[in-house]
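> here is my input; please provide its structure:
(chains A and B)
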Amino acid sequence: MQRFILRRLAQSVLLLFVLALIIFALARVSGNPADLLLREDATQEDRAHLLRVLGLDRPVHEQLYLFLSGAVRGDLGESIRYRKPATEVFFERLPNTLQLLPLAMVGALVVAIPLGVLAAVYRGTIVDRISGAVAVVGLATPSFWLGIVLIYVFSIKLGLLPSSRMGGPSHYVLPAITLGLFLVAGMMRLVRSSLLEVMGSEFVKLARLKGLSQTVVIWKHCLRNALIPVTTLFGVYFALLITGAIVTETVFAWPGVGRLTYEAVIFRDYPLLQAVILLKAIIVLGVNLGVDIVYAYLDPRVRYA
Amino acid sequence: MPWVSLVIITVMVLGAMLAPLIAPHSPTEQSLPDKLRPPAWEAGGSTRHLLGTDVLGRDVLSRLIYGARVSLIVAAVALLAGGGIGLMVGIVSGYLGGRVDSFLMRVVDATLTFPTILIALLLAVSLGQGLQTIAIAITVLIWARFARVVRGEVLGVKARDFVALARVHGCSHLRIMAVHIVPNVLNTFMVLLTLHIGFVIIVEASLSFLGAGIPPPTPSWGQMVADGRSHIASAWWLSVVPGAAIMLVVLAFNLFGDWLRDWLDPRLRQV
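Have a look, this model is predicted:
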């Protein structure tokens, strides 16, 4: 078990290191990174000063050392727009995103599981076809557009829900739906196919022979097993939500880290963007690592795979 | 045959190719007196601008037609590059096996678990917006998916007798991969390409929406949705129309891809 954890930890650290190298290199292939930081009206003296402050007048290997040692200490540079350390800006915004993600995740499960179960139980009937159609349309709908359409219908036409920013509970409804629907199609298909697989197994036949009702067999015996693949993918869904939040928070002016990513792109705030990306990567990799460790603990087969 | 999908795809492709001939107006020409005209069927709309005009008085239908070009060109370039790299990595990995295989598959796994869209945004900021940047970004995003599926196919093909026979005849590994393996995974590859067109169009639109796509004034669907966002209360068509176009086209490509998969390569169903 310890060896497993160590190996996975080492892999994650290696991946982060490679990512840091990519960020370091990308800032330099397109010219001097100082030019990404300077305003358009900056003078030659400003530029020289900035080069000295950032250590960009030194050889590349020294710059790399400076960058990596800074990153390890949590110093990822200062945001141009906010004039504050980029990591500080990120952690101010993070709680707002973390409030949204569980709602979206739970919402997606609440919709996807029943639909997937119905599709599997009534396989080949009209119910299956309808839920299949929902999945196909869901996969084709861009979530930035869905968010805008929801705002148009529910805030502007019907006046039922607020369209943007944070506030009372009603502010969470539309963003959570937009973000959650992003996952529904994939989850639903997964529940359907894994339930179909479980329904064909021996223990289900036994349960039926014992005379258990259809409801008990499906919802108790089958579903528990069918949900294993869904829970294994928790790390993947989490990563999808983190990236999905960029678009959703942008549409709803939600002050989280997704919106912050968008701002960093729009305002060409390179230090902020590199900090956001590294920190998001750490969070995603950390969650994935945690999920893997939990599974390795619960299911010894994973450890030796 | 999925006729509806084929019709939608044909209309889009023809529209994109013949854009200068069929677009009723220039996609970039501004005309402030005509700004924010609603679509023809709404009160106040006219047949001069079938889908209305935007804040700068540009014709939405014309922008939509030209925008299809961006979607298709980006999809074509990114799929050829990303799919091509994926195909090569998959073949080399599956055919050579051993350490090369386990190393390449580690890289594939790492790419798949990583939120690669962040790298795409980073590329747009550091390299500057443009066709090249977005093509590289999407390539980074999709190559691993191709590599993994192709590798699986190659493992099956490699074990067949004709490969051993080619080896006995003295073919080099390179020749076997290029002449004997590639044709046998081509069906799978074509299916993967079709199934990814819709995905790539959505990614391109999302990046354009976030201000990291093809820069204005070239019209692209994602950017049109983004531009219309702040006018949603007064001019709904600015966002709704291009978004509906994205949805329709992606739906058509996905359904066509599903059909092609069932027809050419039913074993891929699990993918």
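
> report the contact partners of whichever residue of chain B sits closest to chain A.
Of all residues in chain B, B:G243 sits closest to chain A, at 3.2 Å by Cβ to the nearest Cβ. All C-beta spots, glycine's among them, are computed from the backbone N, C-alpha and C. By Cβ atoms under 8 Å, 6 or more residues apart in numbering or on different chains, the contact list for B:G243 reads A:P142, A:F144, A:W145, A:I148, A:V149, B:W221, B:V225.

> right, and the last one touches B:S206 too?
No. With contacts counted by Cβ atoms under 8 Å, B:V225 stays clear of B:S206, the gap being 9.7 Å.

> A:G159: neighbouring residues, count only.
When neighbours are counted by other Cβ atoms under 10 Å in any protein chain shown, A:G159 registers 9.

> ok, which stretches of the stretch 101-250 of chain A are helices?
A:126-140, A:143-150, A:170-199, A:202-209, A:214-216, A:223-226, A:228-232, A:234-251 (DSSP state H, counting those that start in this stretch).

> wait, I meant the stretch 101-250 of chain B
Counting by DSSP H, counting those that start in this stretch, one finds helices in the stretch 101-250 of chain B at the ranges B:117-127, B:131-158, B:161-168, B:173-175, B:182-209, B:221-228, B:237-264.

> and those helices, which is most packed in?
helix B:221-228 (a mean of 26; mean count of other Cβ atoms under 10 Å in any protein chain shown).

> point out where chain A drops to low pLDDT.
Chain A contains residues with pLDDT under 70 at A:30-33, A:35-40, A:53-55, A:302-305.

> tell me which residue is most central in it.
A:I242 (2.2 Å; Cα atoms, centre = their mean).

> my read: it touches A:A281, true?
No. Using Cβ under 8 Å, A:I242 makes no contact with A:A281, being 9.5 Å away.

> run the chain-centre distance for stretch B:3-20.
15 Å (Cα atoms, centre = their mean, to the nearest Å).

> check stretch A:152-161 too.
Going by Cα atoms, centre = their mean, where stretch A:152-161 is centred and where its chain is centred differ by 28 Å.

> what about that stretch, start to end distance?
Length of stretch A:152-161, first residue to last, Cα to Cα, to the nearest Å: 10 Å.

> ok, B:F209 - contacts?
Here B:F209 is in contact with A:P142, A:F144, A:V247, A:T250, B:G222, B:Q223, B:V225, B:A226 (Cβ under 8 Å, 6+ apart).

> list the buried ones in stretch B:16-28?
Of the residues in stretch B:16-28, B:A16, B:A19, B:A23, B:H25, B:P27 count as buried by neighbour count, 16 or more other Cβ atoms under 10 Å in any protein chain shown.

> leaving out sequence neighbours, find the closest residue to the last one.
Pointing back at B:P27 there. Using Cβ to Cβ, 6 or more residues apart in numbering or on different chains and skipping the chain neighbours, the partner closest in space to B:P27 is B:Y66 (4.1 Å).

> the one you found - that's part of a strand, no?
No. Assignment of B:Y66 by DSSP: H, G, I helix; E, B strand; the rest coil gives helix, placing it outside any strand.

> now do the contacts for it.
B:A19, B:A23, B:P27, B:T218, B:P219.

> and these, which two are the farthest apart?
The distance between the two most remote of these (Cβ to Cβ) is 13.6 Å, for B:A23 and B:T218.

> what about A:W219, neighbour count?
That count, for A:W219 with other Cβ under 10 Å as the rule, works out to 15.

> just checking, it touches A:A120?
No. Using Cβ under 8 Å, A:W219 is not in contact with A:A120, being 11.8 Å away.

> which among the contacts of B:F209 gets closest to A:H49?
Using Cβ to Cβ, the contacts of B:F209 come closest to A:H49 at A:T250, 34.4 Å.

> tally of neighbours for the nearest residue to the closest one once chain neighbours are set aside?
In space, A:T250 comes closest to A:Y262 once its chain neighbours are excluded; the distance is 4.4 Å by Cβ to Cβ, 6+ apart. Other residues within reach of A:Y262, judged by other Cβ under 10 Å, total 21.

> pretty sure A:Y262 sits in a strand.
No. Secondary structure of A:Y262 (three-state DSSP): helix, not part of a strand.

> surely B:L56 meets B:Q30?
Yes. When contacts are counted by Cβ under 8 Å, B:L56 is listed as touching B:Q30 (4.3 Å).

> can you give me phi and psi for A:G74?
In terms of degrees, to the nearest 10, the main-chain angles of A:G74 are phi 90, psi 10.

> repeat that for B:G45.
phi -90, psi 160.

> likewise the one 3 residues further on?
B:R48 adopts backbone torsions of phi -60, psi -40, taken as degrees, to the nearest 10.

> how close does A:K84 get to chain B?
Distance, A:K84 to chain B, by Cβ to the nearest Cβ, to the nearest Å: 19 Å.

> distance of the closest residue to that residue other than its chain neighbours from B:T10?
Spatial nearest neighbour of A:K84, chain neighbours left out: A:E78 (6.7 Å); criterion: Cβ to Cβ, 6+ apart. With distances taken as Cβ to Cβ, to the nearest Å, A:E78 is found 53 Å from B:T10.

> what's near enough to touch the residue in chain A that chain B sits nearest to?
Nearest residue of chain A to chain B (Cβ to the nearest Cβ) works out as A:W145 at 3.2 Å. Counting by Cβ under 8 Å, 6+ apart, A:W145 touches B:V225, B:S239, B:V240, B:G243, B:A244, B:I246, B:M247.

> one more pass at 6 Å, please.
B:V225, B:G243 (Cβ atoms under 6 Å, 6 or more residues apart in numbering or on different chains).

> how many neighbours does the nearest residue to B:G211 once chain neighbours are set aside have?
Counting by Cβ to Cβ, 6+ apart, B:G211 lies nearest to A:I266, which is 5.0 Å off, once chain neighbours are set aside. A:I266: 14 surrounding residues under other Cβ under 10 Å.

> my guess is A:I266 contacts B:A226, does it?
No. Judged on Cβ atoms under 6 Å, A:I266 makes no contact with B:A226 at a distance of 10.3 Å.

> and the gap between A:V149 and A:L103?
Counting by Cβ to Cβ - A:V149 and A:L103 are separated by 20 Å.

> that older thread, closest one to A:F24 among the helices of the stretch 101-250 of chain A?
helix A:234-251 (22.2 Å).

> can you list contacts of the closest one?
A:97, A:101, A:143-144, A:147, A:175, A:178-179, A:182-183, A:256, A:258-259, A:261-262, A:280, A:284, A:287-288, A:291, B:115, B:117, B:206.

> B:H25 contacts B:V60, correct?
No. Contact criterion Cβ under 6 Å: B:H25 and B:V60 do not qualify, at 9.6 Å.

> now residue 248. Nearest residue, chain neighbours left out?
Picking chain A for this. Nearest non-adjacent residue to A:T248 (Cβ to Cβ, 6+ apart): A:L179, at 4.5 Å.

> wrong chain, I was asking about chain B
B:I8 (6.0 Å).

> which SSE is immediately downstream of the helix or strand harbouring that neighbour?
Using DSSP states H and E, B:I8 sits within helix B:3-17. Using DSSP H and E, the helix or strand that follows helix B:3-17 towards the C-terminus is helix B:19-22.

> now do the same contact list for B:A124.
B:A124 makes contact with B:T133, B:A212, according to Cβ under 6 Å, 6+ apart.

> how many residues are close by A:D299?
Neighbour count for A:D299, taken as other Cβ under 10 Å: 12.

> over to stretch B:165-182 now: how far is its first residue from its last?
With Cα to Cα, one end of stretch B:165-182 sits 16 Å from the other.

> give me the contact list for it.
Applying Cβ under 6 Å, 6+ apart, the set of residues contacting stretch B:165-182 is B:I91, B:Y95, B:V154, B:V157, B:V163.

> state the mean pLDDT of it.
For stretch B:165-182, mean pLDDT rounds to 89.

> cool, thanks, talk later.
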